[in-house]
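Asks: only geometry, no sequence info:
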């Protein structure tokens, strides 16, 4: 059945072209990773990043999210993080600025304006972070600056021209990545921004696996510990798939209604609420926020101590990461899911939840259910993101891919497969689960 479903993907001309377009743009992104920023010694930068891999920390996480662009000091070195940070800022402002809140309710036109503001904010943040990274690169090898005594000069000729070229290159690279992501979303399959992060993480798996194999062959790492860690990672993947497909079904009853001279019997359906309604957004947002100290520490000396603390101490970093994941889980869910609107729509369609009055009581009931689900989803996200890195540290195994990377890879893969299956079902083809098997959850099924 699964082979038939994959064969059906290539029988649909539109779906085939969308997949080809998506893969072509992702290939362009991966090629751009190897275009070097002018004035940077790539060999010295690779040596510094190899030293950082042994200690982990924020720099390694940033390099992972950028798909190895920071290790190459590519023009894509900032990755998509400025866009993610700008999205956070715009969404926070929408809570306190009435004009932005009205734009969010204006439909497609309002979302287009907000997306435009997000692009402008991304360029501004890219310039600021570009200046910070240029100063950080210039300091490598010239001063310790908490970099573990690294003594190779990464920038041989540090001057104003180098700073200017670095800012221009990194800003242009971020703008180009934004354009690629928007084109994939519009003309390809899946969410373009998420797929770019997905592609960067997946591309790091092969060299990461090779490094782990080399360390095992050299007996630097115990082979039994590596096998146990890999088995644990497979268990984590299974848990992620199970929870991401989990949902709470709220029963909805529709009364009898007249349409002309015909009487239609009442129907019983359900309203699905996902256990993790915020998806992979909270870990991405948390990673983007924690990348700010690396930039601000070059501007404000009093932040350098905090920057060194979160880069060198695993427990401080993981503690802050957990708090931010929980915060963004509630924050993003509150922005994207409004119980009042759901209750009004159910009431307008003549439906009600059995035992609950339509209107305000329905909204309060949905909100209570949503809060419980969001708490469970937030705890699940925090544990998935943190536990693998903690286990890796306790076992003494330097595993390249933590829970955040695994969560993003599995979550984005599930969303993309769901969109592909939607194309198949709409054209009367079998989905990946077959005609009688369970469908990819996320679509609403109506029970008669």
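Replies: Yep, it's here. Note that this is a predicted model, so its numbers are computed, not measured.
Asks: ok, residue 127 - how many residues close by?
Replies: As a burial measure, residue 127 scores 16 neighbours (other C-beta atoms under 10 Å). C-betas here are computed from N, CA, C, even on glycine.
Asks: That one reaches residue 171, doesn't it?
Replies: Yes. Assessed by C-beta atoms under 8 Å, residue 127 is found in contact with residue 171 at 5.6 Å.
Asks: any low-confidence regions in the stretch 201-350 of the chain?
Replies: Within the stretch 201-350 of the chain, the stretches with pLDDT under 70 are 219-221, 256-266, 291-314.
Asks: where do the helices sit along the stretch 251-400 of the chain?
Replies: 281-290, 292-296, 304-312, 314-336, 339-348, 360-395 (DSSP state H, counting those that start in this stretch).
Asks: Can you say which of these is nearest to residue 111?
Replies: helix 314-336 (12.2 Å; C-beta to C-beta).
Asks: what angle separates the closest one from helix 360-395?
Replies: Orientation note: helix 314-336 sits at an angle of 160 degrees relative to helix 360-395 (axes from the mean of the first three to the mean of the last three C-alpha atoms, to 10 degrees).
Asks: which helices and strands sit right next to helix 314-336?
Replies: helix 81-96, helix 281-290, helix 304-312, helix 360-395 (3 or more C-beta pairs under 8 Å, 6 or more residues apart in numbering; DSSP states H and E).
Asks: got these as a markdown table, with mean neighbour count and distance to residue 42 columns?
Replies: Formatted as a markdown table, the helices and strands packed on helix 314-336 follow (neighbours: other C-beta atoms under 10 Å; distance: least, C-beta to C-beta, whole Å):
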| stretch | mean neighbour count | distance to residue 42 |
| --- | --- | --- |
| helix 81-96 | 19 | 21 |
| helix 281-290 | 23 | 25 |
| helix 304-312 | 16 | 22 |
| helix 360-395 | 18 | 28 |
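Asks: about what we covered before: of the helices of the stretch 251-400 of the chain, which is nearest residue 223?
Replies: Ranking these by proximity to residue 223 (C-beta to C-beta) places helix 360-395 first, at 12.0 Å.
Asks: mind checking which helix or strand residue 250 is in?
Replies: Assigned by DSSP states H and E, residue 250 belongs to strand 247-254.
Asks: Now do the buried residues in that strand.
Replies: 247, 250, 252, 253, 254 (16 or more other C-beta atoms under 10 Å).
Asks: Identify the residues contacting the third one.
Replies: By C-beta atoms under 8 Å, 6 or more residues apart in numbering, the residues touching residue 252 are 268, 269, 270, 271, 346, 351, 352, 353.
Asks: can you rerun that using 6 Å?
Replies: If you count contacts by C-beta atoms under 6 Å, 6 or more residues apart in numbering, residue 252 has them with 269, 271, 351.
Asks: mind putting the helices and strands packed on helix 314-336 in a markdown table, distance to residue 167 included?
Replies: Listed next are the helices and strands packed on helix 314-336 as a markdown table, based on distance: least, C-beta to C-beta, whole Å:
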| stretch | distance to residue 167 |
| --- | --- |
| helix 81-96 | 12 |
| helix 281-290 | 19 |
| helix 304-312 | 20 |
| helix 360-395 | 32 |
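Asks: out of those helices, which comes closest to residue 231?
Replies: Here helix 360-395 is closest among those (C-beta to C-beta), at 11.2 Å.
Asks: Work out the gap between that closest one and the centre of the chain.
Replies: 16 Å (C-alpha atoms, centre = their mean, to the nearest Å).
Asks: tell me the mean pLDDT for it?
Replies: Mean pLDDT, computed over helix 360-395, is 83.
Asks: Check what contacts the helix or strand following that helix and list those residues.
Replies: Next helix or strand after helix 360-395 toward the C-terminus (DSSP H and E): helix 403-426. Applying C-beta under 6 Å, 6+ apart, the contact partners of helix 403-426 are 8, 15, 189-190, 194, 198, 201, 236-237, 240, 244, 279-280, 283, 384-385, 388, 431-432, 440, 442.
Asks: Narrow the residues you listed to those in helices?
Replies: 8, 15, 194, 198, 201, 236-237, 240, 244, 283, 384-385, 388 (DSSP state H).
Asks: For those, give me CSV that also has distance to residue 315.
Replies: What follows is the ones in helices among the contacts of helix 403-426, written out as CSV (distance: C-beta to C-beta, whole Å):
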residue, distance to residue 315
8, 49
15, 47
194, 29
198, 29
201, 24
236, 20
237, 25
240, 24
244, 28
283, 18
384, 18
385, 14
388, 15
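Asks: Please identify which of those residues is nearest to residue 365.
Replies: Looking across the ones in helices among the contacts of helix 403-426 and measuring by C-beta to C-beta, the closest to residue 365 is residue 244, at 24.5 Å.
Asks: Check the burial of the closest one by counting its neighbours.
Replies: Residue 244: 23 neighbours (other C-beta under 10 Å).
Asks: Okay, now the unreliable bits of the stretch 51-200 of the chain?
Replies: Looking at the stretch 51-200 of the chain by pLDDT under 70, you get 52-61, 64, 141-151.
Asks: What ranges does it have for its helices?
Replies: 58-65, 69-72, 81-96, 98-104, 108-139, 160-187, 192-203.
Asks: out of the ones you listed, which comes closest to residue 287?
Replies: Residue 287 sits nearest to helix 58-65 of all the helices of the stretch 51-200 of the chain, at 6.1 Å, using C-beta to C-beta.
Asks: re the thing from before, just name the closest of the contacts of residue 252 to residue 376, please.
Replies: Nearest to residue 376, judged by C-beta to C-beta, of the contacts of residue 252 is residue 271 at 17.9 Å.
Asks: Could you pull up the contacting residues of that closest one?
Replies: 250, 252.
Asks: what pairs with it across the strands?
Replies: residue 250 (DSSP bridges).
Asks: Distance check, it against residue 419.
Replies: 22 Å (C-beta to C-beta, to the nearest Å).
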